[in-house]
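Q: The sequence and its predicted three-dimensional model are supplied below.
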Amino acid sequence: MGDADTMAESLDEAKVGALIRARRHNLRLTLQSLGDLSGVSVGYLSQVERDQASPSLSTLTAIARALDVGVDYFIAAPRAQDALTRAGRRMRFSVDRSSVSYERLHAEFPGSVLSAFLITIGPGYRSETAHHEGEEIVYVLEGRLTVRIEDEVTVLGAGDSFHFRGNRSHSWSNESADPVKLMWSGTLTMFRSGPEPVAQ
């Protein structure tokens, strides 16, 4: 079995909820405190901790920041890498076996603020509502993506793009019977460079 297969298995077996709960307890934070720090509702945090909901990367980033760790603490994502990525060789990952998979496109270097992923969204998936600092751009490659920005609903098809501020409440869903493939780019810092975090 290759390294990529081993990594994929470890990602599938990882339980994000248990890691969040353990880190929260280690910091002596209540669910309410974590909710206040992250901007994520207590009800949704409770679902995530009990593995009854799979957070999007943006929400997991907000939770990670509130817990003073990087997203890589929860999903064992790769560290800084070369600027070039090759089709078919990028590591793919998902959060707790959700129907959304990610391929990391961006590299990390001092001062970088841009993150980018190729994202595949399975039929029927609906994200939680999120809001955060920064901005996002979504470019649909295949399928039809429904985007909700506050009270506005927009359906994007292949070739369509959407650019919005992250501090506006937003969510997306695939309400079709086919997968959606898109390129997402934004100014969220997803991962941290530096030493591996120590498990608590």
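A: Perfect, thanks for sending it.
Q: Helix, strand, or coil at Thr61?
A: Three-state assignment for Thr61 (DSSP: H, G, I helix; E, B strand; the rest coil): helix.
Q: Quick check: it touching His132?
A: Yes - using CB atoms under 8 Å, Thr61 is in contact with His132, at 7.3 Å. To be clear about C-beta, it is placed using only N, CA and C from the backbone, and glycine gets the same treatment.
Q: any idea how far Tyr44 is from the residue most central in space within the chain?
A: By CA atoms, centre = their mean, the chain has its centre lying nearest to Leu57, at 1.1 Å. Remark: distance between Leu57 and Tyr44 (CB to CB, to the nearest Å) = 15 Å.
Q: Need the pLDDT of Val100.
A: pLDDT, Val100: 88.
Q: Around it, how many other residues sit close by?
A: 19 (other CB atoms under 10 Å).
Q: Residues in a beta bridge with it, which ones?
A: With DSSP bridges applied, Val100 shows beta-bridge pairing to Ile121.
Q: dump the residue contacts of it.
A: 54, 56, 94, 119-122, 125 (CB atoms under 8 Å, 6 or more residues apart in numbering).
Q: Next, find the distance separating it from Asp68.
A: In terms of CB to CB, Val100 sits 25 Å off from Asp68.
Q: and if you look at Gly35?
A: 16 Å.
Q: More neighbours: which of those two?
A: Gly35 (19 against 11).
Q: does that one really touch Ser46, like I thought?
A: No - counting by CB under 8 Å, Gly35 does not reach Ser46; the two are 9.3 Å apart.
Q: Helix or strand for Glu128, just tell me which one.
A: Using DSSP states H and E, Glu128 sits within no helix or strand.
Q: Are any of the contacts of Val100 buried, and if so which?
A: 54, 56, 94, 119-121, 125 (16 or more other CB atoms under 10 Å).
Q: From those residues, pick the one nearest Ser161.
A: Set against Ser161, the nearest of those by CB to CB is Ile119 (13.7 Å).
Q: so which strand or helix has that closest one?
A: Going by DSSP H and E, Ile119 is in strand 115-121.
Q: Ok, Arg24 next?
A: Arg24 belongs to helix 16-26, assigned by DSSP H and E.
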